[in-house]
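In: sequence and computational prediction follow.
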Amino acid sequence: MEYFVHKDSIVREIWGKSDTILLVFAGASAEFALNKAVDWLYFTGKLPKDPLDRLFSTVNYARSIVFSKKTSALKAIDGINAIHGSVEKSRGQNIPEWAYKDVLFMLIGYSIKSFELLERPLSISEKQEVLDVFNNVGNTMGLKSLPLTYADFVVLRNEHLETNLNNGEFTKDLYKQYRKHLGLLRYQLLLESQILLVPKSVRLLLNLRGISLLTPLISVYILFRSIKLDWLVKEVLLPAAYKQDIKRMNRT
């Protein structure tokens, strides 16, 4: 039985833990808001109506591909292309290829950053493996000129961050929606998580502090997780509507 991502891949380890995936979600939520192509996400009205659901669906698509048989993963990617094609047809324009790459780069960058924050540093070969897996997704989607090495990825990622982000009206509106749907406490938790994760250029565009209030609490959370009490933290902090979805993210 052939899987899209082999069973011993570091990518499966990264995407098999809910707390790592939640950090990917936190980082991506910042860049989604800043991306110059965010108007595409506003076109259907789904993002401002329920930004948490829209972002979770993006993360869940990626997660399902990571753990799927190859045939199922290819069908899921074809489904993503079909959805995007339908939106393009409705708007009469094509989504720019750099926008697809930006999302791919977010998933690569925050997968690595989140795992290293909660687990351990990754080797260059492990980072390359993360890149290869998501490049495989991108190639299947028909994206061209993806970075072949992790060093190339770092350069291209920085170029995209400098070129494709902007704090505009959509950004401000989306952060208002985050606050509305999360509530004040969880919204502040999101901001502090973003400070931990996002590149400096993203942090500056969002006027975020340089040091997160969560920094000294990371080791405490890791301790809670080691004695199986991390569920207590999640029970208190996570939105009730997504608790079951988040539990299902944990893979053995």
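Out: Looks like it arrived, so ask away. As the structure is a computational prediction, the values presented were derived from the model and not from experiment.

In: which SSE is residue 33 in?
Out: helix 18-34 (DSSP states H and E).

In: send the alpha carbons of that helix over as PDB?
Out: Taking Å, rounded to 0.1, in the frame of the first residue of the first chain, the C-alpha atoms of helix 18-34 are listed here in PDB:
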ATOM      1  CA  SER A  18      -2.500  18.800  17.600                       C
ATOM      2  CA  ASP A  19      -0.400  21.400  19.400                       C
ATOM      3  CA  THR A  20       2.100  21.600  16.500                       C
ATOM      4  CA  ILE A  21      -0.800  21.900  14.000                       C
ATOM      5  CA  LEU A  22      -2.400  24.700  16.100                       C
ATOM      6  CA  LEU A  23       0.900  26.600  15.900                       C
ATOM      7  CA  VAL A  24       0.900  26.200  12.100                       C
ATOM      8  CA  PHE A  25      -2.600  27.600  12.200                       C
ATOM      9  CA  ALA A  26      -1.600  30.500  14.300                       C
ATOM     10  CA  GLY A  27       1.300  31.500  12.000                       C
ATOM     11  CA  ALA A  28      -0.600  31.000   8.800                       C
ATOM     12  CA  SER A  29      -3.500  33.200  10.200                       C
ATOM     13  CA  ALA A  30      -1.100  36.100  10.300                       C
ATOM     14  CA  GLU A  31       0.200  35.700   6.800                       C
ATOM     15  CA  PHE A  32      -3.200  34.900   5.300                       C
ATOM     16  CA  ALA A  33      -4.300  38.300   6.600                       C
ATOM     17  CA  LEU A  34      -1.300  40.200   5.100                       C
END
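
In: list the helices and strands whatever helix or strand comes next after that helix packs on?
Out: As assigned by DSSP H and E, the chain's next helix or strand after helix 18-34 is helix 38-43. Applying 3 or more Cβ pairs under 8 Å, 6 or more residues apart in numbering; DSSP states H and E, we find helix 38-43 packed against helix 46-49, helix 70-91, helix 169-182. For the C-beta atoms, the positions are set from N, CA and C on the backbone; glycine is no exception.

In: ok, now which ones touch residue 33?
Out: Residues counted as contacts of residue 33 (Cβ atoms under 8 Å, 6 or more residues apart in numbering) are 170, 171, 174, 175, 178, 206.

In: quick check: the gap between residue 100 and residue 221.
Out: Applying Cβ to Cβ, to the nearest Å, the value for residue 100 to residue 221 is 33 Å.

In: same question, residue 195
Out: 16 Å.

In: residue 100 and residue 221 - which one has more neighbours?
Out: residue 100 (18 against 15; other Cβ atoms under 10 Å).

In: okay, the residue lying closest to that one once chain neighbours are set aside: pLDDT?
Out: Distance criterion Cβ to Cβ, 6 or more residues apart in numbering; nearest residue to residue 100, sequence neighbours excluded, is residue 143 at 5.7 Å. At residue 143, the model reports a pLDDT of 95.

In: which residue is the nearest non-sequential neighbour of residue 73?
Out: residue 4 (3.6 Å).

In: list the buried residues in the host helix or strand of residue 246.
Out: Using DSSP H and E, residue 246 sits in helix 243-248. By neighbour count, with 16 or more other Cβ atoms under 10 Å as the criterion, the buried positions of helix 243-248 are residue 246.

In: which other helices and strands does it contact?
Out: Looks like helix 243-248 contacts helix 18-34, helix 230-237 (3+ Cβ pairs under 8 Å, 6+ apart).

In: now with 7 Å?
Out: With contacts taken as 3 or more Cβ pairs under 7 Å, 6 or more residues apart in numbering; DSSP states H and E, helix 243-248 sits against helix 18-34.

In: how far off centre is the helix it packs on?
Out: 4 Å (Cα atoms, centre = their mean, to the nearest Å).
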